[in-house]
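Asks: the following comprises the amino acid sequence and a computationally predicted model.
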Amino acid sequence: MEVIILPSIEECANLGACMVSELVTSKPNTVLGLATGSTPIPVYAELVRLHNESGLSFSKIKSFNLDEYIGLSPDHSCSYRYFMKEHFFDLIDIEQDFTYVPNGMVDDISEECSKYESAIKKCGGIDLQILGIGSDGHIGFNEPGSSLSSRTRIKTLASETIRDNARFFDDEDEVPRHCITMGVGTILDAKSVLLLAFGESKADIVAKSIEGPITSMIPASVLQMHQNVTVLLDDKAASKLSRRDYYRDVYSNKPDSY
Ligand code: GLP
């Protein structure tokens, strides 16, 4: 796990976007795993800027989003499909047919979940999965207690997540109670992972996820088992890491060829 700590969100977003852009440039048919929430927004904004100003093309990529609320149609302003269109898909040259987001409106949820898993496999797997982290340690919508080998399935949101996500809705009662989410095992299958966390409110859970024991009670902690994870943190999100000086030292002395 490489932990990179930078002073500001802007610098993290620029580096995150740079990593995505290098991958997409070297492998134009990259399969990207995408996340919603407020954290990745500046990364998407920087990628859109690179598309507009430097000609970065997404025309051959495919994307799979982590999750979607059950019961929200794609044109509901709080659905994750809507979020992705607003912040990314409609602003770049991606083929809309190759942007996969679970459909939370289907009758047969379990069929939708197995179709999602098959579609990821058919595309050759996810090359880079972008992740945020919930304040309870969830990744995607894998709440504490999720099986560490789980696959795409229905989950019930924890009350902490409902409270956290209520800010996007008019009222807490409007937050759906259920979602479809890639499983922890699905996420671990990605060839590489970029976890982003910004701000003081994430400092506690970031420290537990990176430096604490691996436990299903903190799903993000399982990323310690993955061979290719980069964690991008601003100073505030890194403030409770006991080895933050070491991580800074490693990054500032990183050999060019490594
Ligand atoms: C939601 C999403 C997660 C995201 C989390 C954190 O619950 N399902 O994928 O990581 O929110 O959101 P934020 O980045 O707004 O803190």
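Replies: Looks like it arrived, so ask away.
Asks: make it CA atoms for all contacts and neighbour counts henceforth
Replies: OK.
Asks: what residues are up against the closest residue to residue 191 other than its chain neighbours?
Replies: Leaving aside its sequence neighbours, residue 191 sits nearest to residue 127 (CA to CA, 6 or more residues apart in numbering; 4.9 Å). Contact analysis of residue 127 by CA atoms under 8 Å, 6 or more residues apart in numbering lists 30, 31, 32, 33, 190, 191, 192.
Asks: if you set the cut-off to 10 Å instead, what comes out?
Replies: Applying CA atoms under 10 Å, 6 or more residues apart in numbering to residue 127 gives the contacts 23-24, 27, 29-33, 63, 189-193.
Asks: repeat that for residue 155.
Replies: 69-70, 141-143, 146, 177-183.
Asks: change it to 8 Å
Replies: Residues near residue 155 by CA under 8 Å, 6+ apart: 141, 142, 143, 178, 179, 180, 181.
Asks: list phi and psi for the spatially closest residue to the last one that is not a sequence neighbour.
Replies: Among residues not flanking residue 181 along the chain, residue 67 sits closest, at 4.2 Å (CA to CA, 6+ apart). Note on residue 67: backbone dihedrals following degrees, to the nearest 10 are phi -160, psi 170.
Asks: what pLDDT does residue 67 get?
Replies: pLDDT, residue 67: 98.
Asks: doesn't residue 19 make contact with residue 232?
Replies: No: using CA atoms under 8 Å as the test, residue 232 is too far from residue 19 to be in contact (11.1 Å).
Asks: neighbour count winner among the two?
Replies: Neighbours per residue (other CA atoms under 10 Å) separate residue 232 from residue 19, with residue 232 holding more: 24 against 14.
Asks: then the one helix or strand the more buried one maps to to PDB, C-alphas only?
Replies: Assigned by DSSP states H and E, residue 232 belongs to strand 229-234. Extracted in PDB, the C-alpha atoms of strand 229-234 (Å, rounded to 0.1, in the frame of the first residue of the first chain):
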ATOM      1  CA  VAL A 229      -3.300   0.200  -3.600                       C
ATOM      2  CA  THR A 230      -2.500   3.900  -3.600                       C
ATOM      3  CA  VAL A 231      -4.000   6.000  -0.900                       C
ATOM      4  CA  LEU A 232      -4.200   9.700  -1.600                       C
ATOM      5  CA  LEU A 233      -4.800  11.900   1.500                       C
ATOM      6  CA  ASP A 234      -4.800  15.500   2.200                       C
END
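Asks: who does that strand pair up with?
Replies: Using DSSP bridges, strand 229-234 pairs in its sheet with strand 2-6 (parallel), strand 192-197 (parallel).
Asks: residues from the protein in reach of the ligand?
Replies: Residues of the chain lying close to the ligand (CA under 6 Å from any ligand atom) are 35, 36, 37, 38, 39, 131, 132, 133, 134, 139, 140, 141.
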